[in-house]
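Undergrad: following is a predicted model, sequence given first.
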Amino acid sequence: MNNEPIRRMKELITKLNEAAKVYYQGQDEIMSNREYDALYDELAALERETGTVMTNSPTIHVGFETISELPKEPHVSPMLSLDKTKEVSDLTDWLGGQHGLLSMKLDGLSIILTYEQGTLVKALTRGNGEIGEVITNNAKTFINIPHRISYTSQLIIRGEALILYSDFEDLNRQAKDIYEKYKNPRNLCSGSVRQRNNEITAGRRVRFYPYNIVSSGTDLGFTRKEEALLWLQDMGFDIVPYKMADAANLAEQVTAFSKEVAQSDLPSDGLVLTYDDIAYSNTLGRTAKFPRDSLAFKWQDELADTTLREIEWSASRTGLINPVAIFDSVELEGTTVSRASVHNISILRELKLGIGDTISVYKANMIIPQIHENKTQSGNCRIPDTCPVCGSRTTLQNENGSVVLICPNEDCYAKQIKRFSHFVSRNAMNIDGLSEATLEKMVNAGMLHNLPDLFELEQYRQRWIEMEGLGEKSFDNLMQAIEKAKTVPIANLLYALGIKGIGLSIAKLIVKEYPLPLDKMHTLTTDQLAQIDGIGDILAESFVSFFAKEDNRQLAQQLSAILSVIYPQQTESKVLDGLTFVITGSLSRFENRQECKDFIERQGGKVTGSVSAKTNYLINNDVHSQSSKNKKAKSLGVAIINEDEFFNIFSL
């Protein structure tokens, strides 16, 4: 079986979608338009060749739709649950002399997909096992399943819809309240696949992993389940991780999986052992509840009883105030655990938590600390009526069925700290020595209220020196960094303001077309901005709306009075026009890669993040290294030059 075309398609989809994402978010582009078009054309050609089109392919666009309710439909055959055991010896006895396929038991939502004439036409949830909910429009937004396959007979497959741990954590880091209320990836996935608006589902990064062919045309004559899985992989599906097993090596394979699960990005709550022989499996039938050809193995969660000592209320920059349980330290899965997120008010109330309660805790899937149960259920925990950061009155809100605690104060320090952090970041004002932790100390000490206060910190020298973890040397270094930052390119200053959607590359486009002083930027109109190539109506409106606010116009005036702003030189030589560069490795003549990139762009060149056939030069001071970029450049015939050669070639 040749998976190379499918593998290459998925690689192209990832690259193209990432390029589109950073482009539309106004961040620095990672490839040129020409390179994007070339990769797009390659993807389209592979889709025609293989007959497979993934649902997240940029060559198709899934329409977003809102429906009033999810219709229900019976399954072609019952979706039964599996009998379970927690003993490896039971697995060995059950397998007997047969060969088995041992796979991860993925912790998501069981889904049935139906393809007809090579196209995805139906998706059903498990429901009650007999009747499921139709979620076809939502399934078409899952990011890793084929929208179209080359097999044209009817194909019905069963698998698990899930959200990766990394995606779950990333969604929680984003400023979207709806994500932070979920307890774990499974809860988020369950709510996501059953949305009535599939645009919401599309943003949740749901994936699908098949583990069984329910029904197919007679032309598929598989004798073994592994063959069927590998065939599905050739069709473009990501298949459930598995190992082949027999009675002799089964215990060893279970042990191997126990180590892999702890490191895996896939939510998993156990293993599944099934007979590999399809004909043998079909002779076994089923009980009223379980199929007889498969058996689930559940990890024995390590539980520990402890005492709840405190509920810590953690305010975020989104306004959510999340409860965190603090308890006497216990050892779980080889680590010491003393805290666990409770996620929202609904869960806190459901557990009836109170200070002094005896609670049972565990690490879900051997990774995430969770409260298993509250054995005493005193329910005496008080929900704060003021924000722990700014003291403003809190409010309780219902978000999609869960109650969350909110700080409505737009000037809350928790929100302001993030604004300060962005302002001082490298691609903005580039002020070293101000981590979020340090900024938080300064805000709490009353040293910072507004962004211009950063340039008046000299008066707080003594207070800084007396603060824990700081000192005189760090203060002097900070003063030097601030003084250096007072001379700043206008594009970096615009980016530093944190205007929604205005990344550094978009800011550069604006100031190139309109090199206005910061305190005159409010004169630009949406029509003027929308005419700039690369800026649409949404970004233009975001820019104009920002400067329409009186507070932001005053901020622009204050910063203009403090800073020495550098504007684009319209007459500067463009000796690098039309050339594309990639920068890698350490630099000596430039302070960092960003400085080198800025220099190249001022000369008319373009810098991308990866080597391609469109790259003209790879700048690497170690031209003989065996790095992936060097190897790629050599294979494509791209010139590899060091910094000295760069300056000599172009007489810079």
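TA: That came through, no problem.

Undergrad: could you double-check that residue 389 lies in contact with residue 407?
TA: Yes - using Cβ atoms under 8 Å, residue 389 is in contact with residue 407, at 7.2 Å. (Each C-beta comes from the backbone N, C-alpha and C, glycine too.)

Undergrad: who has more neighbours out of these two?
TA: The residue with more neighbours, out of residue 389 and residue 407, is residue 407; 27 against 22, by other Cβ atoms under 10 Å.

Undergrad: skip the chain neighbours and tell me the closest residue to that one.
TA: residue 387 (3.9 Å; Cβ to Cβ, 6 or more residues apart in numbering).

Undergrad: tell me which residues touch that neighbour, please.
TA: 315, 321, 393-394, 407, 409, 412, 414 (Cβ atoms under 8 Å, 6 or more residues apart in numbering).

Undergrad: and if we set it to 7 Å?
TA: 315, 321, 394, 407, 409, 412 (Cβ atoms under 7 Å, 6 or more residues apart in numbering).

Undergrad: re the thing from before, need the overlap of contacts for residue 389 and residue 407.
TA: residue 315.

Undergrad: quick check: closest non-adjacent residue to residue 213.
TA: Nearest to residue 213 is residue 228, by Cβ to Cβ, 6+ apart, at 5.0 Å.

Undergrad: from residue 332, how far off is the residue nearest to residue 407?
TA: 32 Å (Cβ to Cβ, to the nearest Å).

Undergrad: if we can go back for a sec, and whichever strand or helix holds the residue nearest to residue 213, what's its mean pLDDT?
TA: Using DSSP states H and E, residue 228 falls within helix 225-234. Average pLDDT, helix 225-234: 93.

Undergrad: what segments of the stretch 501-650 of the chain are strands?
TA: 564-566, 580-583, 606-608, 617-619, 639-641 (DSSP state E, counting those that start in this stretch).

Undergrad: reformat these as TSV; add distance to residue 103 and mean pLDDT.
TA: Formatted as TSV, the strands of the stretch 501-650 of the chain follow (distance: least, Cβ to Cβ, whole Å; pLDDT from 0 to 100):
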stretch	distance to residue 103	mean pLDDT
strand 564-566	59	91
strand 580-583	40	89
strand 606-608	40	83
strand 617-619	42	92
strand 639-641	44	91
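
Undergrad: so which of those strands is the most packed in?
TA: Ranked by mean neighbour count, the strands of the stretch 501-650 of the chain are led by strand 617-619 with a mean of 23 (mean count of other Cβ atoms under 10 Å).

Undergrad: so what strands line up beside it?
TA: strand 580-583 (parallel), strand 639-641 (parallel) (DSSP bridges).

Undergrad: let's have these in a markdown table, adding distance to residue 209.
TA: Formatted as a markdown table, these follow (distance: least, Cβ to Cβ, whole Å):
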| stretch | distance to residue 209 |
| --- | --- |
| strand 580-583 | 35 |
| strand 639-641 | 40 |
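
Undergrad: between those strands, which one is nearest to residue 551?
TA: strand 580-583 (38.5 Å; Cβ to Cβ).

Undergrad: distance of the residue nearest to residue 213 relative to residue 239?
TA: Counting by Cβ to Cβ - residue 228 and residue 239 are separated by 10 Å.
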